[in-house]
Every structure is written in C-alpha cells, then in structure tokens.
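The amino acid sequence is not available; the structure is as follows:
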C-alpha cells in the first residue's frame, strides 16, 4: 500500500509529479546547523521524530549533534529503531497491554525511554519490562502549563519517582516538562514568560526530589518555538525541538528574535494548476489531503500577491492576495493552467503524515528520495 | 511502509489496539441498502472512492447496484482497477504529462472516464490516448455553484464538447455537474434550492447540446448531502455519493428529512484514555493525526455528556459536555485511564486517508481487515 515516489533521482523539480512533498536540502542543512550553533554544549538536543517520521532525517540530526530522537508513539519508535536509531525517548505515556509488550520488545533492541503520569502506568510498565527481561528509562511528566498530560509539580511527581525507583526493571531518568501551548505564542516576551513559569515548577520539583534523595538525572522538554528560553533559564538538560528542521507557515507567524535563531522554510508541497475556471481563481491539485489545514492554509512560496485561500479534499483555491481588483500588479497575475508552484504547509507534522516520500531537492534537481517510514504509525 | 493492522480477525473490539479505524459492518450494509432503496431505477449510482479508498468497499457498492466508482486522482483509479473495479470515472481534471500517460495506460485496462474544463486539456488528453492506443469517456465539467473547476453553462460547454467529439481517441460522454458547496447547507430547503439552480444550468446546456446535434449521454454529479434533489429534478442520470457509506459528524449536522434517506454512523475511531491528569479532562491517544479536524472535532459515540473538545497532533481532550460543574450527571463521569471509546470522525474522507486498514467489526468482534489501498494516492 506504499505509494510510488512521485519523482526519480536526477529529475528536475519542475518535472516532479504533484502533489509532492519537497525537502529543500540546503535549507534543511542550514536549519540543522543553526540549531547546533545556538544551543550551548551543556544542553543535549533530542530531535522530535513526530515531525519528520523519517530515520534518514533523524540520522542527520544525530550527525549534527543530537543525542537521539523523541517519538510520541511506540510504532514511531519501532520505525526509528528499525531505521538505525539507537536512542529513542517516547515523550508520551504508553497505555495498553499490546503497546507495552511492543515497547518492552523494543527496549531489548535499543536505549529506550518513556513517560508516566500515573501510578498504574508505572505498575503496568514494570510488569511488561520484567516479563520481557528488559529495562527502560522512565521520566515523570510534569504539567507545566499546557493542560494535557502530566502530574502536578512537587509531591505528586515525587510519589511517582519513588514508585519508579522501586521497580527493578525501571530506571528513574528524570522529568519530562514540555509546554506545548507556549510554542505558538506570537511574541518572544510571551513565550519567555510562559517558559519562566514552567521553569519554576521544574526547579521546585527537582529540589524536592533532591531533598528526598532521588537524584533527577535529566529534565527534558521544549519545542521549536521556545527552546532557547528553556536553555537560558538553565532548568532543562535536554531539548526536544521537531519543527525547526522544516519551519512551517504557522511557526513563521511567530516573532523570531534573539535568543531564538531564525530557521528557513525547508518543507514544501509542489502543486499544479489543474483548472483556470475564470479570472477569480486558479485551482490547484493540492487540497487538505495534501497539506493539513488544522493551523491555517498553506502559504504560497515566492509568488508575492498570490494567496491560497481555501481547501477542499483534493483542491486548493489560489487567488490574488488583495482581492481581484483592477489595480493588482501584473507580476501577481494568477498562474496558467499546468503551472507548478510551491506551497509552505500551515502545519508540518500532520502534513508530513500524509506522504510516503520526501523528494529531496538541491539546486532544482532531485538528489534523493527518503521514505517516511513512520507515516501512519499511530499506535 | 505499510503499517501493521492494529487487530486480528476474531479479536473482540475492546482488544483492538488504538487508535484504529473501525467499520461497523451492520451499519455500513444498512447504508448500502438505504441508498439502493431510495434511488429509482432510472438513475445510476456511481459511488465515490475518494471517501473510502478501498476496493473491498467499492465491490460492495457495485454488488448493491452501483455501475462503477468515481475517483478524484489517477493514483486512486489505479488502486481501484488493481483491486478489481472495471469501471472508473475520474470526476476531476487531469493535468500534466506523467499523469496523462498513466491515465492512458489505465484506460487500456478498464472502462475509464475523465473530466475536462479547458481546450488544452482536451488536446493533451487526446494526444496521450492516441499515443497509448487507448480510448476514454470524457465529460465536460460544468460550474454549477461551487466556484471550483468547470466551465460556464451553455456555449463554453458546447465548445468543449465539440473539441472532444473531434478527437478520435475521445468519446463525449456528457456533463459532470457537482455542487460541492450545497452538500453541507444545513436545511433540506436550502440544499433543494441550490440543486434547483444547478439543474437549470444543466438543462440549459443539455438542450443547447441537443440543438447542436451533440447528444449528451450522461449527466453525472451529486453527493451524499443532496442526491435525492438531483434525482427528483430529473436532470441527472447518475449520482456520485461517497460519504453515505460512513456518515460522519459533519454530515450528521445536516437536516435529514424526506426525500433524503437517513444513514447510520458506520465509521469510528477507537481511542484509549492515556492520561487522567485531573477532574477537568481525560486525554485520548487520538489527536488530529487520527481524526481530521478540518470540519470540526469528532463526536463521542454513545457516551452522552462527554465531548471531544480539542485536538493536538497525537492527543485529544475529552471533557464533560456542559462544563465541569458539580451538577454534572454521574453517568457522564469522565472515563478512567485505559478505557476505550469510539469517536465519530468530523470528516470521513481525510480521516480515512490517515489509515492503512479498516478494522471491520460485527457484533463486537473483528470480522475482517480491509486494506485502504488508495490511502495517500495523491497524484
């Protein structure tokens, strides 16, 4: 059921079939370097594979200095280990007998970590690991402002850490502290304030653990929108950015100012104008099955004056950005039937999850095809 | 890169790994029957495979009376023909040399149709078919109110029909007239009015074709929200409903009253409560990579008082529907860690496109696993 790649190595970009997921290798490599340059040596980088779902990208993150990868799902972790990644943190809770059995089997093949936020999870995880003769690093997830998973800072985290410590097949590895809602606060000042509040919870809990004689080896967390604030507050040992490798349209709406480095758009959807029904719009062959619209419509790359205004399942509407009035610049005329153009996905993670292949392009030529082996790895 | 099925035949529903795409076979079969009973014999049914992307479902639509299937993409049509479907209409324009070559190759293997809305498409299609020694049915797409693809009714359609007629490898098969925006107008009266306006365009164009000596064998179009209005107005020969097989949460918000038959929810996402961080919410392991949110959040199946309020990539928030006040019914308490429940996807088409398998269930037991062979068939 794997879809054929829409391109072949050596092909020119304009000959790639559409819709196709394009990775600009120069921009991607720039992003790897910018992150490595921005993060001081004392902080480890663990790139998040939920974004790219591709061992080839993970290997390049590791070559650029990352200690390993994060995943959100056991099936993603399986795909990464299968692809040659030997250090994976499932930065999420894993619940259910079948999943725990697979996690334990995987923990015999690679260095693995996982999160918990409930004593029942510790019990079930310990039992599954013991049955498999496996060991795993366990992080207590702290609620630090996103109101999703995680226990309250302080005593509840301490209780879970004790339960982990008491399980021979588990190793208490530290705290998972990720503030998802902070990532897209638009202003640098807003993001810094949110992470400062999270840091207080982290520091309070870490101190309590230390006093209880439970050293906390690692505090891990952070995303592409905030990681330099986690770094400057010195409460995190490890960061988990994912989207920085691609930089999508929604992240581009953030204010990017020091200490955050700027990243380049490296991920695109190549689309073709498949209909020119009139002067109002050009219709593209890329709709919401080609670029996820949960965080807004895709941007139009390097075609000023054009806007992608609306998506149906298999179609996208391209219109003049200022409306279709007579004063519109000639340079902003709608493209012709058969023209191809690049879109910048609104949200990279769910867009990547729609494709089987990255078409990797450099200088307008297809250099490689990387399989998205964890595409659809939901469980 | 195909993901393993999250279930095995004979397994109980509650043992299926999550998130999983569940097809309730009884409800699905009921929907097939209701459509067949509602549509008079003079109108042909051509089920839309853009919704289900699965030859197994297509075969059952044909067994229930459909003459064949529709697809939106050449790659979908390839998957359907590969899966044993011999009559496929690509109810869309196909633009680009690579796609036309594949379409022509496919037209040598099965009865194929395609749409056009521009003279250049007719020229390129004719050339590709001639090179392959293939023939294809060609429909002129009319713009009937959705402002997407399609030519204006009357003279522009006539000009294209003439161009088709003049190409030996093409057969003018009629008109494609689909009013997508009408499908989710909430009231029956609104939908009927929209289709009545579309019917005037269809009838005007058909009359003009007849007067020009160009008989129009088939007018095809309609969707799950309106098809009985196309039927009652007697301007369509063939209907293309897709979502009726599943009935998603967005379609359920329509008014369903005669002449439209009611369909049952047959498609679900099985999810597990993976975190119970506090009294406010239960966190599910199914987020926007498990159920597309472009048309709203999924519904919660047969758990009155519970609402799925928010999705992130891999997580969903389950809350008490009326808020978390003290007066909430005990029966509506949030489910416990590890509990599983069924969600009704907000929009079935892009949700199906996230999965590799239908887990087909009857009476609480897995009866079959159907591969979604056109999943990701974008081009």
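Here it is on my side, so go on. Computed from a prediction, not measured in an experiment: that's the story for all the values here.

can we go C-alpha only for contacts and neighbour counts from here?
Fine.

where in the stretch 201-350 of chain A is pLDDT low?
By pLDDT under 70, the weakly predicted segments of the stretch 201-350 of chain A are A:323-332.

what's the answer for the stretch 1-150 of chain A, then?
Judged by pLDDT under 70, the stretches of the stretch 1-150 of chain A that qualify are A:1-2.

Mind jotting down where the strands sit in it?
A:20-24, A:44-48, A:68-71, A:87-93, A:111-116, A:136-141 (DSSP state E, counting those that start in this stretch).

same thing with the stretch 201-350 of chain A?
Along the stretch 201-350 of chain A, counting by DSSP E, counting those that start in this stretch, strands occupy A:218-221, A:238-239, A:267-275, A:282-284, A:299-300, A:306-311, A:316-320, A:340-344.

Out of those, which gets nearest to residue B:279?
strand A:218-221 (24.6 Å; Cα to Cα).

What is the closest one packed up against?
strand A:170-177, strand A:238-239 (3 or more Cα pairs under 8 Å, 6 or more residues apart in numbering or on different chains; DSSP states H and E).

can I get these in CSV with mean neighbour count and distance to residue A:113?
Formatted as CSV, those follow (neighbours: other Cα atoms under 10 Å in any protein chain shown; distance: least, Cα to Cα, whole Å):
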stretch, mean neighbour count, distance to residue A:113
strand A:170-177, 24, 8
strand A:238-239, 26, 13
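
Indicate which one of those strands is closest to chain B.
strand A:170-177 (14.2 Å; Cα to the nearest Cα).

What helices and strands are in contact with the closest one?
strand A:136-141, helix A:155-165, strand A:218-221.

Next one: the residue nearest the centre of chain A from residue A:57, what distance?
The centre of chain A sits closest to residue A:51, judged by Cα atoms, centre = their mean, with a distance of 2.9 Å. According to Cα to Cα, to the nearest Å, residue A:51 stands 10 Å off from residue A:57.

Count the residues that sit near the closest residue to residue A:7 other than its chain neighbours.
Closest residue in space to residue A:7, ignoring its immediate chain neighbours: residue A:16 at 5.1 Å, by Cα to Cα, 6 or more residues apart in numbering or on different chains. Per other Cα atoms under 10 Å in any protein chain shown, the neighbour tally for residue A:16 reads 22.

Would you confirm that residue A:290 contacts residue A:312?
No: Residue A:290 is beyond contact range of residue A:312, at 10.2 Å (criterion: Cα atoms under 8 Å).

Show me where chain A has its helices.
Assigned by DSSP state H, the helices in chain A fall at A:25-38, A:49-52, A:55-63, A:74-82, A:97-107, A:119-132, A:155-165, A:188-211, A:227-233, A:249-252, A:348-352.

could I get those helices as TSV with distance to residue B:321?
Below are the helices of chain A laid out as TSV (distance: least, Cα to Cα, whole Å):
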stretch	distance to residue B:321
helix A:25-38	42
helix A:49-52	30
helix A:55-63	41
helix A:74-82	31
helix A:97-107	30
helix A:119-132	27
helix A:155-165	28
helix A:188-211	29
helix A:227-233	35
helix A:249-252	29
helix A:348-352	27
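
and of these, who's closest to residue B:33?
helix A:348-352 (35.4 Å).

Show me the contact partners of that closest one.
Helix A:348-352 is contacted from outside by A:21, A:50-53, A:243, A:246-248, A:267, A:290-292, A:345, A:375, B:288-289, B:313, using Cα atoms under 8 Å, 6 or more residues apart in numbering or on different chains.

hmm, try it at 6 Å
Applying Cα atoms under 6 Å, 6 or more residues apart in numbering or on different chains, the contact partners of helix A:348-352 are A:51, A:248, A:291, A:292.

What residue spans form the domains of chain A?
A:1-25+A:248-379, A:39-246 (automatic domain parsing).

and the residue nearest to the centre of chain A, what is it in contact with?
Contacts of residue A:51 by Cα under 6 Å, 6+ apart are A:242, A:349.

8 Å - rerun?
If you count contacts by Cα under 8 Å, 6+ apart, residue A:51 has them with A:242, A:243, A:348, A:349, A:350, A:352.

Likewise for residue A:153?
By Cα under 8 Å, 6+ apart, the residues touching residue A:153 are A:142, A:143, A:144, A:201, A:202, A:204, A:205.

ok, the spatially closest residue to the first one that is not a sequence neighbour to residue A:115 distance?
Distances taken as Cα to Cα, 6+ apart put residue A:150 closest to residue A:142, at 4.5 Å, once the chain neighbours are dropped. Residue A:150 sits 9 Å away from residue A:115, taking Cα to Cα as the criterion.

if I look at the two, which residues touch both of them?
Between them, residue A:150 and residue A:115 share these contacting residues under Cα under 8 Å, 6+ apart: A:140, A:141.

Please identify which of those two sits among more neighbours.
Neighbours were counted for residue A:150 and for residue A:115 using other Cα under 10 Å; residue A:150 has more, 29 against 26.

What residues does that one make contact with?
A:116, A:117, A:140, A:141, A:142, A:143, A:144, B:275, B:277.

Tell me the bridge partners for the fifth one.
This points to residue A:142. residue A:151 (DSSP bridges).

Thought residue A:177 was touching it, still the case?
Yes: Residue A:142 is within contact range of residue A:177, at 5.3 Å (criterion: Cα under 8 Å).

Quickly list what's touching both of those two.
Residues touching both residue A:142 and residue A:177 (Cα under 8 Å, 6+ apart) are residue A:202.

What about residue A:253, how many residues nearby?
Using other Cα under 10 Å, residue A:253 has 12 neighbouring residues.

How about it: what's its closest non-neighbour residue?
In space, residue A:253 comes closest to residue A:186 once its chain neighbours are excluded; the distance is 6.9 Å by Cα to Cα, 6+ apart.

cool, and residue A:148?
Distance criterion Cα to Cα, 6+ apart; nearest residue to residue A:148, sequence neighbours excluded, is residue B:283 at 6.7 Å.

By neighbours, which of the contacts of helix A:348-352 wins?
That'd be residue A:291 among those, by other Cα under 10 Å, with 32 neighbours.

tell me the contacts of residue A:156?
So residue A:156 contacts nothing (Cα under 8 Å, 6+ apart).

where's it relative to chain B, distance?
Relative to chain B, residue A:156 is positioned 11 Å away (Cα to the nearest Cα, to the nearest Å).

Please apply the same query to residue A:240.
15 Å.

ok, now which ones touch that residue?
Taking Cα under 8 Å, 6+ apart as the criterion, residue A:240 is in contact with A:45, A:46, A:47, A:48, A:70, A:220, A:221, A:222, A:223, A:224, A:227.

Quick check: closest non-adjacent residue to residue A:265.
Nearest to residue A:265 is residue A:247, by Cα to Cα, 6+ apart, at 5.0 Å.

Residue A:376 and residue B:4 touch, don't they?
No: using Cα under 8 Å, residue A:376 is not in contact with residue B:4, being 9.9 Å away.

Would you mind saying which of the helices and strands packed on strand A:218-221 lies nearest residue B:335?
strand A:170-177 (24.6 Å).
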